[in-house]
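Undergrad: generate a structure from the sequence data that follows.
(one chain, ligands or ions: 1)
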Amino acid sequence: MKTYNEVKLAQELIRFPSVKTEDKGIMKFLSRRLSAIGFKCTIIKSKGTGPKPALNLYARFGKSKPHINFLGHTDVVANLNNWKISPFKAVVKNGYLNGRGSQDMKGGIACWISAVSNFIKNNKFNGSISIIITADEETTGLGAPAIMKYLRKKGEKIDFSVVGEPSSNKSVGDEIRIGRRGSMNGIVTIYGKSGHSAFAGTYINPCTALAKIIAKLKSSSLDNGTKFMPPSNLEFTKMNVDNLSENVIPQSASAKFNIRFNSKHKSASLKKKLNKIINAVAKKEKCKTRIEYRVSGEAFYTQPNKEIYMVKKIVKKITGNSAKLNCRGGTSDSRFLGSIPRLELGLRNTTIHMVDERSPISDLKKLTKIYYNILENYF
Ligand SMILES: [Zn+2]
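TA: Take a look at the predicted model:
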């Protein structure tokens, strides 16, 4: 049985210039590598940033339970000018692997596949290992939902997922993500009755109602936070009254807000709660309202379970780090995994999206060892 070296595989992956949702042959390459060690590979298309579809990969080894999964993405961000070493040459120099995607996150993918190849070679086990690789994590984010839809259709059930995004900061394994806050934007428009400002009683001023609504929303506590997430917070980001006259009461007034919410809320129940507050104030002021929302992402969180503590122990053993469990960082495809228990653990994020992205070779070695130990302890 074949095994793969993490550094060599990472180099091979970096050499595909898979910017935005451009494939350039990388999914075929990965499918070949994974098929050679016994994975069954399926390419799942989703809408790309260009005329061609984005190609995403679902690969599974084994048929039985328990089923551990790895989630990663092969797309990389641009920012390709002024590099000291060409971003797609994947040069190893002075103990570093240089190149776009070395940390975010072709390096992490290579570590997982290397660990899996060695694990499969050395062990007989009951259960399944699957790998989800998306092609649009940095852009459209349609690949992961397309794969999840495919898995639901096929009745595939994942028991635990390791997301390989670069979660580490000062050293590999110092931070492990176990969730992320949700984000939602809203626009509230208040309709009153316009009129001459000298004739009180003949008009209904929507500005008054809007000001009271803002004050009420800002003074209403949404929650006290959770152990791993701060209290949910709503901020107004824009207020607008379209009015050019000094003696005219306007017909309407509007305001925009953004809300970052923790796992105590779902966007749907949060909308209901906010609507209730807004409409109650508006009613008192005899105004009508229109409230619109756009949800960027739901909050999610995996209650630290035995797998998470197992990983924490492995990280301690291999790196000496007492990993901090937290919910920091930007969004990732992890938000599409629904109720699957999961964590994010990958390389360091010190140079991600920057010019001269690079990863210490020693980090790649450490992460591969951690991933190998996760597989060994999981089965
Ligand atoms: Zn990433």
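Undergrad: N118 and Y372, how far apart?
TA: For N118, the distance to Y372 (C-beta to C-beta, to the nearest Å) stands at 6 Å. Every residue, glycine included, has its C-beta placed from N, CA and C.
Undergrad: same deal with E307?
TA: Taken as C-beta to C-beta, the span from E307 to Y372 is 16 Å.
Undergrad: please apply the same query to I147.
TA: Relative to Y372, I147 is positioned 25 Å away (C-beta to C-beta).
Undergrad: these two touch, right, L151 and Y58?
TA: Yes. Between L151 and Y58 a contact is recorded at 7.2 Å, counting by C-beta atoms under 8 Å.
Undergrad: of the two, which one has the most company?
TA: Just comparing L151 and Y58: by other C-beta atoms under 10 Å the higher neighbour count belongs to Y58, 23 against 20.
Undergrad: and the one residue in the stretch 251-379 of the chain that gets nearest to the ion, what does it touch?
TA: Taking C-beta to the ion, the ion has its nearest neighbour within the stretch 251-379 of the chain at S332, 6.1 Å off. If you count contacts by C-beta atoms under 8 Å, 6 or more residues apart in numbering, S332 has them with E137, V163, E165, R180, E344.
Undergrad: what's the answer for K63, then?
TA: By C-beta under 8 Å, 6+ apart, the neighbours of K63 are S128.
Undergrad: give me the pLDDT for the residue minimising distance to the centre of the chain.
TA: Note on the chain: the residue nearest the mean C-alpha position is S332, at 1.5 Å, using C-alpha atoms, centre = their mean. Predicted confidence (pLDDT) for S332: 88.
Undergrad: ramachandran angles for it?
TA: Torsion angles at S332 (phi, psi; degrees, to the nearest 10) stand at phi -150, psi 180.
Undergrad: same check, this time on the one 5 residues further on
TA: For L337, the backbone dihedrals are phi -80, psi 0 (criterion: degrees, to the nearest 10).
Undergrad: contacting residues for it?
TA: Neighbours of L337 in contact, by C-beta under 8 Å, 6+ apart: L71, A144, M148, I158, S161, V163, F300.
Undergrad: so where do the strands sit in the stretch 201-350 of the chain?
TA: Here the stretch 201-350 of the chain has its strands, by DSSP state E, counting those that start in this stretch, at 233-240, 248-249, 252-261, 288-297, 300-301, 324-326, 342-344.
Undergrad: tell me how far the closest residue to L142 other than its chain neighbours lies from A10.
TA: Nearest non-adjacent residue to L142, counting by C-beta to C-beta, 6 or more residues apart in numbering: S46, 4.2 Å away. Noted for S46: a distance of 25 Å to A10, by C-beta to C-beta.
Undergrad: the more surrounded of those two?
TA: Neighbours were counted for S46 and for A10 using other C-beta under 10 Å; A10 has more, 30 against 21.
Undergrad: which ones are touching the closest residue to R177 other than its chain neighbours?
TA: Excluding the flanking residues, the one nearest R177 by C-beta to C-beta, 6+ apart is E344, at 3.7 Å. Listed by C-beta under 8 Å, 6+ apart, the contact set of E344 reads V162, V163, G164, E165, S167, I176, R177, I178, G329, S332, S334.
Undergrad: any idea how far the residue nearest to the first one when sequence neighbours are not counted is from the ion?
TA: Read it as V162. Counting by C-beta to C-beta, 6+ apart, V162 lies nearest to F70, which is 5.2 Å off, once chain neighbours are set aside. Going from F70 to the ion by C-beta to the ion, to the nearest Å gives 13 Å.
Undergrad: would you mind writing the CA trace of stretch 19-30 as PDB?
TA: Extracted C-alpha coordinates of stretch 19-30, given in PDB (Å, rounded to 0.1, in the frame of the first residue of the first chain):
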ATOM      1  CA  VAL A  19      -7.200  30.600  -7.500                       C
ATOM      2  CA  LYS A  20     -10.900  31.400  -7.000                       C
ATOM      3  CA  THR A  21     -12.800  28.300  -8.200                       C
ATOM      4  CA  GLU A  22     -10.300  27.400 -11.000                       C
ATOM      5  CA  ASP A  23      -9.600  23.700 -10.800                       C
ATOM      6  CA  LYS A  24      -6.600  23.300 -13.100                       C
ATOM      7  CA  GLY A  25      -6.700  19.500 -12.600                       C
ATOM      8  CA  ILE A  26      -6.300  19.500  -8.800                       C
ATOM      9  CA  MET A  27      -9.400  17.400  -8.000                       C
ATOM     10  CA  LYS A  28      -8.500  14.800 -10.500                       C
ATOM     11  CA  PHE A  29      -5.000  14.700  -9.000                       C
ATOM     12  CA  LEU A  30      -6.400  14.300  -5.500                       C
END
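Undergrad: perfect, that will be all.
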